[in-house]
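Asks: Take this sequence and fold it.
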Amino acid sequence: MVALECVSRFELEEISLAELPPHCPRCSGVLKSDTVSFGEPIPSDVLAQCFDATHACDCMLVAGTSATVYPAAQFPLDVRQRGGDLIEINLYESELTPYCTVSLRGPSATVLPQLVRRITQLRRA
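Replies: Numbering: from 1, shown residues only. Coordinates of the predicted model:
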């Protein structure tokens, strides 16, 4: 849960749902689920963490996206521009496909476990 006023975050277990909507114990502001709905901005602290993680990685796995919603769509492009590798798992080609080092077709729920098994086998060999 996240407070709309002070942006404090809480685990659901920490919050009483006796009164709805729930309120922040710090600022008394309304709490909502800690998700980003369409049209809402990504919280600035989370966005900063995303940029930091993107700049630190040399390989990014991107699964199940159209790669058209910014700023998130920019993260894999930034990795690629710096010479990193992109692995895409998607049902269909996306805007990102031409930039990918590896592009795997299929449902993420099927392809990801297969990818993990294969990488595990290679690491053991």
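Asks: count of neighbours near Ala3?
Replies: Using other CB atoms under 10 Å, Ala3 has 21 neighbouring residues. For glycine as for every other residue, the C-beta is placed from the backbone atoms N, C-alpha and C.
Asks: Tell me the backbone dihedrals of it, please.
Replies: Ala3 adopts backbone torsions of phi -80, psi 130, taken as degrees, to the nearest 10.
Asks: and it, what does it touch?
Replies: By CB atoms under 8 Å, 6 or more residues apart in numbering, the residues touching Ala3 are Arg9, Phe10, Cys24, Arg26, Cys27, Gly29, Val30, Leu31.
Asks: For Thr101, see how far away the spatially closest residue to it that is not a sequence neighbour is.
Replies: Nearest in space to Ala3, with sequence neighbours left out and distances taken as CB to CB, 6 or more residues apart in numbering, is Cys24 at 3.7 Å. The gap separating Cys24 from Thr101 is 44 Å, by CB to CB, to the nearest Å.
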